[in-house]
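S.K.: sequence plus the predicted model coming up.
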Amino acid sequence: MKFTVLAPEKSQEKLLYFFSNRRIPECRISMLKVSIIMLCLVAGIFLILMGVVFWVQDRLIFFPEKVPVAYRYPFQQPFKEIYLNTPDGNQIHALHFKAKQPKGVMLYFHGNAGSLRSWGYLAEELLVYGYDVFMPDYRSFGKSTGKLSPDNLYQDAQLTYDYLRQSFSEEQIIIFGRSIGTGVATKLASDNKPKQLLLETPFYNFADVAKTHYPYLPVSALLKYTFRSDKWIKKVSCQVYIFHGTADEVVPFSSGKKLAQLLNNSNNLVVIKGGGHNNLSSFPVYREALARILK
């Protein structure tokens, strides 16, 4: 058997000829182009979606109700309307409900929807514990003015706290937060020395709960409102009590439980079996625990 050895130049010519005459089927080229175009289209849509989420997240998180300045609240308990001026020229509107012989005051930060028109009814439940109840509306809620932002939320909270300190010592001020208001309340308590911090249906941090509702988005990178309660609670010097229902579909019980694990006293977590996000006060265990804490 004989083998023909080609010169290097001839070998290269043969290879060039071979590859230059090989043809990739046109259908494969078309499919490849379509796949690349579809991939770019999906990536583009995803990037646009993330951009929309970032820029309009205020509307995805907060659902404020505006109330005319002339509106008169129908609450039966004695109360006074308060307007606090912010450094940037806006006003924070609040309701100060009066107890007969107050032991102090609860500074109450409500959830992400509505206004004091509906939240004010909670004052009837809270006044029985012997404390005044001071409820501010966030910017763009109720009669409050201005634009929401993380910094504005925290600065306005401090504004309300400083106002109350004109009439109450810090040992008489209880900060109470509910749902998204727990983030505001925890930050405020970490910057001051109130008597107690009460958190109803809180989250570990806002990204933790956002992942539950938007698992397909990189929420940690998109959120402007991070509400790092997990970070701030470590700086809180007063007693902290957490109330959470096991059937909460808005803020999972696991998120509140994880936050409670950062406390020095595990008994400060009040578990309401079967409790949801908006009905904890209907459970005797909730009312009994609150009465014990506020005695």
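M.R.: Noted; the coordinates are in hand.

S.K.: contact partners for Ser144?
M.R.: By C-beta atoms under 8 Å, 6 or more residues apart in numbering, the contact set of Ser144 is 90-93, 136-138. Every C-beta, even on glycine, is put in place using the N, C-alpha and C of the backbone.

S.K.: what is the nearest of these to Thr182?
M.R.: Tyr138 (13.6 Å; C-beta to C-beta).

S.K.: let's see if you can find the most crowded of the contacts of Ser144.
M.R.: Compared across these, Pro136 has the highest neighbour count, 28 neighbours, by other C-beta atoms under 10 Å.

S.K.: name the nearest residue to it, ignoring sequence neighbours.
M.R.: Leaving aside its chain neighbours, Pro136 sits nearest to Ala94 (4.0 Å; criterion: C-beta to C-beta, 6 or more residues apart in numbering).

S.K.: so who does the one you found touch?
M.R.: 81-84, 116, 134-137, 160.

S.K.: before we move on, the earlier item: which of the contacts of Ser144 fall within strands?
M.R.: Of the positions in the contacts of Ser144, 91-93, 136 sit in strands, assigned by DSSP state E.

S.K.: export these as JSON lines, with columns for distance to Thr246 and pLDDT.
M.R.: Listed next are the ones in strands among the contacts of Ser144 as JSON lines, based on distance: C-beta to C-beta, whole Å; pLDDT from 0 to 100:
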{"residue": "Gln91", "distance to Thr246": "40", "pLDDT": "98"}
{"residue": "Ile92", "distance to Thr246": "35", "pLDDT": "98"}
{"residue": "His93", "distance to Thr246": "35", "pLDDT": "98"}
{"residue": "Pro136", "distance to Thr246": "30", "pLDDT": "98"}
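
S.K.: let's have the residues you listed in a markdown table, adding distance to Ser237.
M.R.: Output for the ones in strands among the contacts of Ser144, formatted as a markdown table (distance: C-beta to C-beta, whole Å):
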| residue | distance to Ser237 |
| --- | --- |
| Gln91 | 31 |
| Ile92 | 26 |
| His93 | 30 |
| Pro136 | 23 |
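
S.K.: distance to Lys187 for the contacts of Ala94 - can I get that in JSON lines?
M.R.: Converted to JSON lines, the contacts of Ala94 look like this (distance: C-beta to C-beta, whole Å):
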{"residue": "Glu81", "distance to Lys187": "25"}
{"residue": "Ile82", "distance to Lys187": "21"}
{"residue": "Tyr83", "distance to Lys187": "23"}
{"residue": "Leu84", "distance to Lys187": "18"}
{"residue": "Leu116", "distance to Lys187": "21"}
{"residue": "Phe134", "distance to Lys187": "17"}
{"residue": "Met135", "distance to Lys187": "18"}
{"residue": "Pro136", "distance to Lys187": "14"}
{"residue": "Asp137", "distance to Lys187": "18"}
{"residue": "Thr160", "distance to Lys187": "13"}
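
S.K.: buried members of those into PyMOL, please.
M.R.: Buried members of these, defined by 16 or more other C-beta atoms under 10 Å, are picked up in PyMOL with:
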select buried, resi 82+84+116+134+135+136+137+160
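
S.K.: understood, closing this out.
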